[in-house]
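[1] From the sequence below, what's the structure:
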Amino acid sequence: TPARWLTRDAKNWRNATLDPQGRIVAYNRDGDLFLMDVANGRTLRLTDDASDTLLDGILDWTYQEEIFGRGNYKGFWFSPNGNWLAMLRIDIGGIAPYTLAAADSPRGAGIVRRYPKAGDPIPHASLLLWDLRQFSDGFVPTPRLLAESNSQQQQIVTGVWWHEYRGELLFSVSDRRQTWRELRRVPENTLLGTGAPSKPSDRRGMSANGLSRLLLREESSAWVEPPVSPEWLKDGGIVWRSELPAGLNRLYHLSPSGTVMTPLSPADFDVQDFMVSANGALAIVTGSTQTGPGQRHAYRIDLDVSGNKSPKLVPITTKPGWHSTTPSPDGQFITDVYSTERRPPELSIRSTTAGPSTLVEGSKLALDSRLVAPQVFRIPTDNGIGLPAMIVRPPRASREHPCPVVVEVYGGPQAPVVSTRWSDKRTLYRELL
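    Next comes the predicted model:
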């Protein structure tokens, strides 16, 4: 099919997204949410109440920075069949403007954002569900309210997803202090308006409006993180990553009803990234164990959702250092970008089961001498947690020849400075010093 113009006035469109079936384009304009029919180019305006302090399908600064990921301002999600659209409406009217300094002007400038400081009101988000089944006829009914934050009940919507195989919506909410996290589901029969629970036991965990059901609740006296996206299983279950209760990210199989939660990864392994193969037979994970401070490796986990076997990590990468990997959809291969503190990255392809890797591209430093080898180690603490640390000593440094000390500070949550990876400019800057 040859390409054709859908529109010639998309200059002010934001977050344009095609539904999975290729029938509808959703986009933001002037704070509101619009839909376009791909077949005939007809546009339907879903919302008309946006303002400087009310955002429809657009994330405010706090939600994109702290919850859904820096730079991601899209606040709407199509269902796999394109018949439904979940949307966040965010009210930031109670947040005072805050001026941030900007250095992109010779005379200085400022950027004004509604940014909550500690103790200030938070953005109040409402999760709405639009029924698009009659969109081709030019009609979309009033959306249904699934979750809401207000001054009396302050909540944060921390995740919104559609189950790839089950056709139902899942979302997570937390209290303002983030001491608990609930994962809730909107069953497909609820979407269709059929199969309402008839027995009291069927209503257990249902929301007050009867639209969502509690799937999982996790609590901590300290802190719960916004969750990462689950992976979907054909049996209707999910693979869920949780840092509770021990603080290390662990994978679990959560049954479709939420009544059974089975560990899939060892308790002493900190899972960072993970992917479940298309057939649901194995998971490819990256993370760290006690292989050494600041290292990152890839492993295979053969999934046993029955819980009859202890979770077992099968190493895919073994070279000491840092491996940034991307699995193939079937989980049979990975691309591996490997580096160390003194060795710039090289790209390889390797099997997740056995066999040698195939080098695709390497890199080499144009230097007359080798880089200084950093010393990477851990500093013990009273609670048994080892803090990663690194010392880069000049070759001639000694007690007789003391040298200045440059201290690099920890960079932020899940963004440590210390690792065994090649750090681009930072590596060369250390060498220069």
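[2] I'd like to know how far the residue nearest the centre of the chain sits from residue 84.
    Note on the chain: the residue nearest the mean C-alpha position is residue 228, at 4.0 Å, using CA atoms, centre = their mean. In this view, residue 228 and residue 84 are 23 Å apart by CB to CB, to the nearest Å. (C-beta placed from N, C-alpha, C; glycine too.)
[3] Report the spatially nearest residue to residue 38, omitting neighbours in sequence.
    Of all residues not flanking residue 38 in the chain, residue 23 sits nearest, at 5.6 Å (CB to CB, 6 or more residues apart in numbering).
[4] That neighbour: neighbour count?
    Residue 23: 19 surrounding residues under other CB atoms under 10 Å.
[5] Which pLDDT value does the model give it?
    Listed pLDDT for residue 23 reads 96.
[6] and if you look at the one 3 residues further on?
    Model confidence at residue 26, expressed as pLDDT, equals 97.
[7] Could you do the one 5 residues further on as well?
    Residue 31 carries a pLDDT value of 92.
[8] for the one 4 residues further on, same thing?
    Residue 35 is assigned 97 on the pLDDT scale.
[9] Report the spatially nearest residue to it, omitting neighbours in sequence.
    Counting by CB to CB, 6+ apart, residue 35 lies nearest to residue 44, which is 4.8 Å off, once chain neighbours are set aside.
[10] Could you say which helix or strand holds residue 111?
    Per DSSP states H and E, residue 111 falls inside strand 109-114.
[11] For the following helix or strand past that strand, which strands pair with it and how are they oriented?
    Moving toward the C-terminus from strand 109-114, the next helix or strand (DSSP H and E) is strand 124-131. Strand 124-131 pairs in its sheet with strand 84-91 (antiparallel), strand 144-148 (antiparallel), by DSSP bridges.
[12] List the contacts of the shortest one.
    Contact partners of strand 144-148, identified using CB atoms under 8 Å, 6 or more residues apart in numbering, comprise 86, 124-129, 131, 155, 157, 169, 171, 173, 184, 186, 207, 209, 211-212.
[13] end-to-end on stretch 336-344?
    13 Å (CA to CA, to the nearest Å).
[14] so the residue nearest to the centre of the chain makes contact with residue 241?
    Yes - counting by CB atoms under 8 Å, residue 241 is a contact partner of residue 228 at 5.5 Å.
[15] picking that back up, neighbouring contacts of the strand holding residue 111?
    The contact list for strand 109-114, computed with CB under 8 Å, 6+ apart, reads 53, 60, 61, 92, 95, 96, 97, 98, 99, 100, 101, 102.
[16] Now do the buried residues in the longest helix anywhere in the chain.
    When the chain is scanned for its longest helix (criterion: DSSP state H), the result is helix 425-432. For helix 425-432, a neighbour-count test (16 or more other CB atoms under 10 Å) marks 427, 430, 431 as buried.
[17] Enumerate every residue touching residue 224.
    Counting by CB under 8 Å, 6+ apart, residue 224 has contacts 174, 178, 179, 180, 181, 218, 243, 244.
[18] Next, the last one: secondary structure please.
    What it means is residue 244. coil (DSSP: H, G, I helix; E, B strand; the rest coil).
[19] Quickly note the distance from the nearest residue to it once chain neighbours are set aside to residue 187.
    Ranked by CB to CB, 6+ apart and with sequence neighbours excluded, the top spatial neighbour of residue 244 is residue 218, at 5.0 Å. Residue 218 sits 21 Å away from residue 187, going by CB to CB.
[20] Likewise for residue 89?
    23 Å.
[21] neighbour count winner among the two?
    residue 89 (22 against 18).
[22] who's the more buried one bridged to?
    residue 56, residue 126.
[23] Quick one: residues contacting it.
    Taking CB under 8 Å, 6+ apart, one finds 47, 54, 55, 56, 57, 125, 126, 128 in contact with residue 89.
[24] Please determine how far the residue lying closest to residue 121 once chain neighbours are set aside is located from residue 155.
    By the measure of CB to CB, 6+ apart, the closest residue to residue 121 outside its immediate chain neighbours is residue 94, 3.8 Å from it. As judged by CB to CB, residue 94 and residue 155 stand 14 Å apart.
[25] quick one, which of those two is more surrounded?
    residue 155 (19 against 14).
[26] And the strands in the stretch 251-400 of the chain, which stretches?
    In the stretch 251-400 of the chain, the strands defined using DSSP state E, counting those that start in this stretch lie at 261-263, 270-276, 282-288, 297-302, 314-315, 322-327, 333-339, 346-351, 358-361, 375-379, 387-391.
[27] just to revisit the earlier point, can I get the buried residues of helix 425-432 in TSV including pLDDT and distance to residue 311?
    Below are those laid out as TSV (pLDDT from 0 to 100; distance: CB to CB, whole Å):
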residue	pLDDT	distance to residue 311
427	85	35
430	81	38
431	81	41
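[28] What count of nearby residues applies to the closest residue to residue 364 other than its chain neighbours?
    Distances taken as CB to CB, 6+ apart put residue 344 closest to residue 364, at 7.4 Å, once the chain neighbours are dropped. Using other CB under 10 Å, residue 344 is surrounded by 15 other residues.
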